[in-house]
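Participant: Quick one: sequence and predicted model below, then my questions.
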Amino acid sequence: MSTERTPRKLHVVTHGCQMNVYDSARMTDLLRPLGYETVATPEGADMVILNTCHIRERAEEKVFSQLGRLRLMKEAQGGQMMIAVTGCVAQAEGEILAKRAPFVDLVVGPQAYHRLPELIAQAHRKTGAVIDTDFPAEQKFDHLPDDAAPQGVISFLSIQEGCDKFCSFCVVPYTRGAEASRPAGGVIAEARRMVASGAREIALLGQNVNAYHGEGPDGHVWSLTRLLQSLSEIEGLERIRYTTSHPNDMADELIAAHRDNAKLMPFLHLPVQSGSDKILRAMNRKHKADDFRRIVDQLRDARPDMALSSDFIVGHPGESDTDFTETMELVRETGFALAYSFKYSPRPGTPAASLPQVEEAVKDARLQELQALLRAQQNEFNAGTVGLETPVLFTGAGRHPGQIAGRSLWLQPVVVQHDRDLAGQIRMVKITGANPNSLSGTLLDKELIAA
Ligand code: 5AD
Ligand code: SF4
């Protein structure tokens, strides 16, 4: 007798950060044994998961407009589409969401993904949304399947989740819960599986990844530095990154690892948010602008080719012209390879949301000014790599025929004309051109650094 089931179609939409991308992949892994196969569009899908982001208002609006479109599709399919909202909007707005969008069948917070199969079964039995936004005592990390589908040459691995820092503007401590680190043994095992299935670069993920303090296989608590050291011993793993970090958790040993551990890439995303001590205090960041400057200096001492990326918020409550000028100064002094900047967006339930707000027009003007500077720095950084002979990790075909694409040490996409697929190989490339978002180069055929 055949045990084959008709495959069920699953469509997953992911918003927000890399953690959500990772979680979406894990949810897909979890549903595969139940017969769910992923499809590229929501039309005709049996199940649609909208994995959402709550970090700024605009991200949330997107969720509701997408839900509106899904509702029409569901109606056109005679109701035969299960709609699940997961991620941070699900966590923050659970009940409200179920009321505002009653056609949603499941609302699942980030801590409950491992219970998805059971929740789907419940949703089949019941009308109205099944909501699970608990923060259970057990960790979801312990319950996710370990037969993850391969991600590719560059793979992402979640090692830490949640945040205890409570920056005045941020919803993460409320939506992702308290900081929790995954035991190191599980991380190493997953990294090994990734490498065995073709990964050459692994990016460790966490909202506060450098605060990592997971239980080690030796029974001691491991820091991120200790974990990095162990991961770098995996043969075939050539490059390691970690993101996102907080300046206060940039331990001296971690900075030193950028000097001592050759697999650690010279590129770090280190959000500073503002260059004004007054605003940093209002943001509850618990560090000063000079602390950030000092860390940057130490990183560059440890690794002279270190490139930095950051996040900035303009128009946090209380930000004056002088405060903003201090942010511009910090950016000018530091020189960023890449940066993300946002207008402050009041998030319900966060301390800064109830303070007097900066005018929208002022926020707009500041954002434009800051982004112009950051864009110029990014262009300058990319242009500065022209002429370099530098290793590139190839990931696959480029967008145009005859092109292959990869990543530089500093995460820049690099495109090379070549007739053979070099995916998974690290080759020396001479950089010949720079665009705002990518580089082009020619292959220096003589050297193969790693395959
Ligand atoms: N408004 C604007 N930007 C925000 N961020 C987080 N919360 C807010 C908010 N309420 C930005 C921060 C953070 C990045 C992920 O998003 O810069 O580092
Ligand atoms: Fe949000 Fe601050 Fe925690 Fe980062 S450190 S997740 S900005 S509260």
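Facilitator: Yep, that arrived. Residues are numbered from 1 along each chain as shown. Ligands and ions are numbered 1, 2, ... in the order given.
Participant: Domain-wise, how is the protein divided?
Facilitator: Listed by automatic domain parsing, the domain ranges of the chain are 8-132, 140-384, 389-443.
Participant: What average pLDDT does the second one get?
Facilitator: When you say that, I think you mean domain 140-384. Mean per-residue pLDDT for domain 140-384: 95.
Participant: What distance do you get for the residue in the stretch 51-200 of the chain that ligand 1 sits nearest to to Thr322?
Facilitator: Nearest to ligand 1, among the residues of the stretch 51-200 of the chain, is Phe169, at 4.0 Å (CB to the nearest ligand atom). C-beta: built from backbone N, CA, C; applies to glycine. Plainly put, Phe169 is 20 Å away from Thr322 if you go by CB to CB, to the nearest Å.
Participant: Which one's more surrounded, these two?
Facilitator: The residue with more neighbours, out of Phe169 and Thr322, is Phe169; 24 against 9, by other CB atoms under 10 Å.
Participant: Provide the secondary structure category for that one.
Facilitator: Assigned state for Phe169: coil (three-state reduction, DSSP: H, G, I helix; E, B strand; the rest coil).
Participant: Now do the residue of the stretch 51-200 of the chain closest to ligand 1 against Gln160, distance only.
Facilitator: For Phe169, the distance to Gln160 - CB to CB - is 21 Å.
Participant: okay, Thr127: pLDDT?
Facilitator: In this model, Thr127 is scored at 75, pLDDT.
Participant: and if you look at Leu448?
Facilitator: At Leu448, the model reports a pLDDT of 69.
Participant: burial count for the nearest residue to the residue of the stretch 51-200 of the chain closest to ligand 1 once chain neighbours are set aside?
Facilitator: Taking CB to CB, 6 or more residues apart in numbering, and ignoring the residues beside it in sequence, Phe169 has Ala352 as its nearest neighbour in space, at 4.7 Å. The criterion is other CB under 10 Å. On that basis, Ala352 has 21 neighbouring residues.
Participant: so what's Ala352 up against?
Facilitator: Counting by CB atoms under 8 Å, 6 or more residues apart in numbering, Ala352 touches 168-169, 282-283, 316-317, 344, 346.
Participant: burial of the closest residue to ligand 2 within the stretch 1-150 of the chain, as a residue count?
Facilitator: Nearest to ligand 2, among the residues of the stretch 1-150 of the chain, is Ile55, at 8.2 Å (CB to the nearest ligand atom). Neighbour count of Ile55, defined by other CB under 10 Å: 20.
Participant: which one's the longest strand in this structure?
Facilitator: Longest strand in the chain, counting residues (DSSP state E): strand 439-450.
Participant: And that one, how far out from the chain middle?
Facilitator: Distance of strand 439-450 from the chain centroid (CA atoms, centre = their mean, to the nearest Å) equals 28 Å.
Participant: how about that strand: buried residues?
Facilitator: By neighbour count on 16 or more other CB atoms under 10 Å, the buried set for strand 439-450 is 439-441, 443.
Participant: out of these, who's nearest ligand 1?
Facilitator: Nearest to ligand 1 among the buried residues of strand 439-450 is Leu439, at 25.6 Å by CB to the nearest ligand atom.
Participant: per-residue pLDDT, the closest residue to that closest one other than its chain neighbours?
Facilitator: Leaving out its chain neighbours, the residue that sits closest to Leu439 by CB to CB, 6+ apart is Val414, at 4.7 Å. In this model, Val414 is scored at 97, pLDDT.
Participant: so which helix or strand takes in Val414?
Facilitator: Per DSSP states H and E, Val414 falls inside strand 413-417.
Participant: What strands line up against that strand, and which way round?
Facilitator: Using DSSP bridges, the strands paired with strand 413-417 are strand 403-407 (antiparallel), strand 439-450 (parallel).
Participant: what sits against the spatially most central residue of the chain?
Facilitator: Note on the chain: the residue nearest the mean C-alpha position is Gln18, at 2.4 Å, using CA atoms, centre = their mean. Counting by CB under 8 Å, 6+ apart, Gln18 makes contact with 156, 203, 205, 243.
Participant: Show me which of those is closest to ligand 1.
Facilitator: Using CB to the nearest ligand atom, Thr243 comes nearest to ligand 1 of the contacts of Gln18, at 10.5 Å.
Participant: what's across from that closest one in the sheet?
Facilitator: Under the criterion DSSP bridges, Thr243 forms beta bridges with Leu205.
Participant: That one: what's it in contact with?
Facilitator: Taking CB under 8 Å, 6+ apart as the criterion, Thr243 is in contact with 18, 203-206, 209, 269.
Participant: ok, it to ligand 2 distance?
Facilitator: Using CB to the nearest ligand atom, to the nearest Å, we find Thr243 at a distance of 12 Å from ligand 2.
Participant: same check, this time on Asn382
Facilitator: To ligand 2, Asn382 is 27 Å away according to CB to the nearest ligand atom.
Participant: what's the answer for Gly402, then?
Facilitator: Distance from Gly402 to ligand 2, counting by CB to the nearest ligand atom: 42 Å.
Participant: for that residue, what are its contacts?
Facilitator: By CB under 8 Å, 6+ apart, the contact list for Gly402 reads 417-419.
Participant: Now the buried members of the residues you listed.
Facilitator: Among the contacts of Gly402, those classed as buried by 16+ other CB under 10 Å are His418.
Participant: Of the contacts of Gly402, which is the nearest to Ile431?
Facilitator: Checking the contacts of Gly402 against Ile431 with CB to CB, the nearest one is Gln417 at 13.6 Å.
Participant: how about the residues of this protein near ligand 2?
Facilitator: Within the chain, the positions lying close to ligand 2 (CB under 6 Å from any ligand atom) are 163, 165-167, 170, 172-173, 207-208, 246.
Participant: residues from the stretch 101-250 of the chain in reach of ligand 1?
Facilitator: 169-170.
Participant: Please identify which helix or strand holds the one residue in the stretch 301-450 of the chain that gets nearest to ligand 2.
Facilitator: Ligand 2 sits closest to Asp311 of the stretch 301-450 of the chain, with a gap of 7.9 Å, by CB to the nearest ligand atom. Here Asp311 is covered by strand 307-314, with elements defined by DSSP H and E.
Participant: for that strand, which positions count as buried?
Facilitator: Buried residues in strand 307-314, counted by 16+ other CB under 10 Å: 307-310, 312-314.
Participant: cool, stretch 170-185 as well?
Facilitator: Those would be 170-177, 179-184, for stretch 170-185 by 16+ other CB under 10 Å.
Participant: And stretch 188-207, by the same measure?
Facilitator: By neighbour count on 16+ other CB under 10 Å, the buried set for stretch 188-207 is 188, 190-195, 199-207.
Participant: With respect to Glu61, which of those residues is nearest?
Facilitator: Taking CB to CB as the measure, Glu61 lies nearest Gln207 of the buried residues of stretch 188-207, at 22.3 Å.
Participant: pretty sure Leu67 contacts Val107?
Facilitator: No - at 11.3 Å, Leu67 does not count as touching Val107 under the criterion of CB atoms under 8 Å.
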